[in-house]
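1. Here's a sequence, model it:
(one chain, ligands or ions: 2)
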Amino acid sequence: MDGATPYGWLPDGALLTQGDTLRWVGPMSGLPADLRGHITDEVDLGDRLVTPGLIDAHTHLVYAGDRAREFERRLQGATYEEIARAGGGIRSTVAATRAASEDELLALALARARQLLAEGVTTLEIKSGYGLDADTEARCLRVARRVGSALGVTVRSTSLGAHALPPEYDGRPDDYIDAVAAWLPAQAAAGLLDAVDVFCDTIGFTPAQTRRVFDAARALGLPVKLHAEQLSNQEGAALAAGYGALSCDHIEHLSASGIAAMAQAGTVAMLLPTAYYFLRDTHLPPVQALREAGVPIAVASDHNPGSSPGLSLLLAMNMACTLFRLTPEEALAGTTVHAARALGLQATHGRLAAGCRADFVAWNLNHPAELSYWFGHRPAQRVVLGGRSVSND
Ligand SMILES: N=CN[C@@H](CCC(=O)O)C(=O)O
Ligand SMILES: [Zn+2]
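-> Ligands and ions are numbered 1, 2, ... in the order given. Next up, the predicted model:
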């Protein structure tokens, strides 16, 4: 993948790994003789397409329970917002998650992460946000870290304490925001945080409350990201861009001023088409305007029990094309190079280049457009994590 051809596609390419790092990438014929002499193990991938390991840069993988009854209610006409306002939605997952032990949550999260890994996902972001008290939020963040060490995948963990108002803070959202901000130093000191997120919307938190959480994150030197403009336009994206946010996510109701602010700040636009699909949304994100403004576009699974219970980043890529009109090339960039940027990992992840982590996938496919074309398939033939083959061969 050299960037000079569509998809950065390099026919007859070769990769040389050393430990967990890519040492050399280029055309087979160009492999330097001095490096060739040091090769200890050679794998012929045949004519297979090879891409960077996929990056799922927005997931809520740690929770207990399910929301199938809520799904039934929505199909009978109740809206996602109505269910949340009546005390269901995120709160029902919070109750189930609080009741689960760390090991139970780990077993559930590992089973989900293994499915993503088998599909070719080698890096993922995992948010807290179904604990909403100090102990359970910390438990969920520890589980996120344990998923990374158990599987060898790169995990970035994000605090999303400001996901919803827990019942014990009914009528006191500002007090809850104080509590969320107060948890961050201990979570950071325990090495549990890579970023801080907020759900800024009608059923989440206001821009002023978002600011207070972001100020607390900034005081700790932590980057921020935002669930922004999903159900309404709160001008959250512009606010987040003002803090140099890594990404603004969902953004179906993103405004022109939000786009301009994101372009200025280099904030990634994170599209979550499976949530759009599953909530039967009809308000499309402004993809063409994002393109024209030069905002990097990423695509993620948003795996969570309420708005996106699927476990397929390839399906999200397909939907980004069919529903949002991304090109398959944009969808692949959105789950590799731009997804890496959304996690602050652009120097080491999401590309096949010397010095990057040796995470890559050999696919039983002929052309990279097929990654967005097929759905319901598992085309990964071999998944390599940090130079080690972990599956399917
Ligand atoms: N929008 C807020 N958070 C999640 C959904 C949470 C839930 O419904 O459990 C999302 O990204 O879609
Ligand atoms: Zn989310």
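2. Contacts only, for residue 363.
-> 48-51, 120, 370-371, 379-381 (C-beta atoms under 8 Å, 6 or more residues apart in numbering). Every C-beta, even on glycine, is put in place using the N, C-alpha and C of the backbone.
3. For ligand 1, state which of those is nearest.
-> Closest to ligand 1 out of the contacts of residue 363 is residue 120 (22.0 Å), distances taken as C-beta to the nearest ligand atom.
4. Only the buried members of the contacts of residue 363: can you turn that into a PyMOL selection?
-> Burial among the contacts of residue 363 is assessed by 16 or more other C-beta atoms under 10 Å; the matching PyMOL selection reads:
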select buried, resi 49+50+51+120+370+371+379+380+381
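5. Which of the contacts of residue 363 fall in strands?
-> 49-51, 380-381 (DSSP state E).
6. Generate a markdown table for those residues, with pLDDT as supplementary columns.
-> Output for the ones in strands among the contacts of residue 363, formatted as a markdown table (pLDDT from 0 to 100):
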| residue | pLDDT |
| --- | --- |
| 49 | 96 |
| 50 | 97 |
| 51 | 98 |
| 380 | 97 |
| 381 | 95 |
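7. Can I get the contacts of residue 363 in a markdown table including distance to ligand 1?
-> Output for the contacts of residue 363, formatted as a markdown table (distance: C-beta to the nearest ligand atom, whole Å):
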| residue | distance to ligand 1 |
| --- | --- |
| 48 | 34 |
| 49 | 31 |
| 50 | 31 |
| 51 | 26 |
| 120 | 22 |
| 370 | 28 |
| 371 | 23 |
| 379 | 27 |
| 380 | 25 |
| 381 | 31 |
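8. mind giving me a markdown table with the contacts of residue 363 and columns for distance to residue 9?
-> A markdown table is the format used below for the contacts of residue 363 (distance: C-beta to C-beta, whole Å):
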| residue | distance to residue 9 |
| --- | --- |
| 48 | 13 |
| 49 | 8 |
| 50 | 10 |
| 51 | 10 |
| 120 | 17 |
| 370 | 12 |
| 371 | 12 |
| 379 | 17 |
| 380 | 18 |
| 381 | 18 |
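9. quick check, nearest of the contacts of residue 363 to residue 256?
-> residue 371 (31.5 Å; C-beta to C-beta).
10. Please look at the closest one and residue 52 and confirm they touch.
-> No: using C-beta atoms under 8 Å, residue 371 makes no contact with residue 52, being 11.6 Å away.
11. What are the boundaries of the helices in the stretch 101-250 of the chain?
-> 102-119, 134-151, 173-189, 207-219, 236-242 (DSSP state H, counting those that start in this stretch).
12. Run the chain-centre distance for the fourth one.
-> I take that to be helix 207-219. 21 Å (C-alpha atoms, centre = their mean, to the nearest Å).
13. Write out the residues of this protein neighbouring ligand 1.
-> Those residues of the chain that sit near ligand 1, judged by C-beta under 6 Å from any ligand atom, are 60, 89-90, 93, 199, 227, 230, 275, 302, 304-308.
14. So which of those belong to strands?
-> Using DSSP E, the residues of the chain next to ligand 1 in strands are 199, 227.
15. In TSV, list the residues of the chain next to ligand 1 along with neighbour count.
-> Output for the residues of the chain next to ligand 1, formatted as TSV (neighbours: other C-beta atoms under 10 Å):
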residue	neighbour count
60	26
89	21
90	25
93	26
199	23
227	29
230	29
275	27
302	28
304	26
305	22
306	25
307	22
308	23
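16. What about the residues of the chain next to ligand 1, which are in helices?
-> 90, 93, 275 (DSSP state H).
17. Specify which member of the residues of the chain next to ligand 1 is nearest to residue 127.
-> For those, the nearest to residue 127 is residue 60 (5.1 Å; C-beta to C-beta).
18. The closest one against residue 302, yeah?
-> Yes: if you go by C-beta under 8 Å, residue 60 and residue 302 touch, sitting 7.3 Å apart.
19. Looking at this protein, which residue is nearest ligand 1?
-> Taking C-beta to the nearest ligand atom, the chain has residue 306 as its residue nearest ligand 1, at 2.2 Å.
20. show me what contacts that residue?
-> Contacts of residue 306 by C-beta under 8 Å, 6+ apart are 67, 70, 80, 89-90, 93.
21. if we go to 6 Å?
-> Going by C-beta atoms under 6 Å, 6 or more residues apart in numbering, residue 306 touches 67, 89.
22. So what's the residue count around residue 16?
-> 19 (other C-beta atoms under 10 Å).
23. That one and residue 34: what is the separation?
-> Taking C-beta to C-beta, to the nearest Å as the measure, residue 16 falls 11 Å from residue 34.
24. Now do the residue of the chain closest to ligand 1, the pLDDT please.
-> The model reports residue 306 with a pLDDT of 97.
25. Equivalent analysis for residue 34, please.
-> On the pLDDT scale, residue 34 gets 89.
26. Pretty sure it sits in a helix.
-> Yes: with DSSP: H, G, I helix; E, B strand; the rest coil as the criterion, residue 34 is part of a helix.
27. Could I get the contacting residues of the residue nearest to the spatial centre of the chain?
-> Note on the chain: the residue nearest the mean C-alpha position is residue 57, at 1.7 Å, using C-alpha atoms, centre = their mean. Taking C-beta under 6 Å, 6+ apart, we find residue 57 in contact with 125, 298, 300, 339, 342-343.
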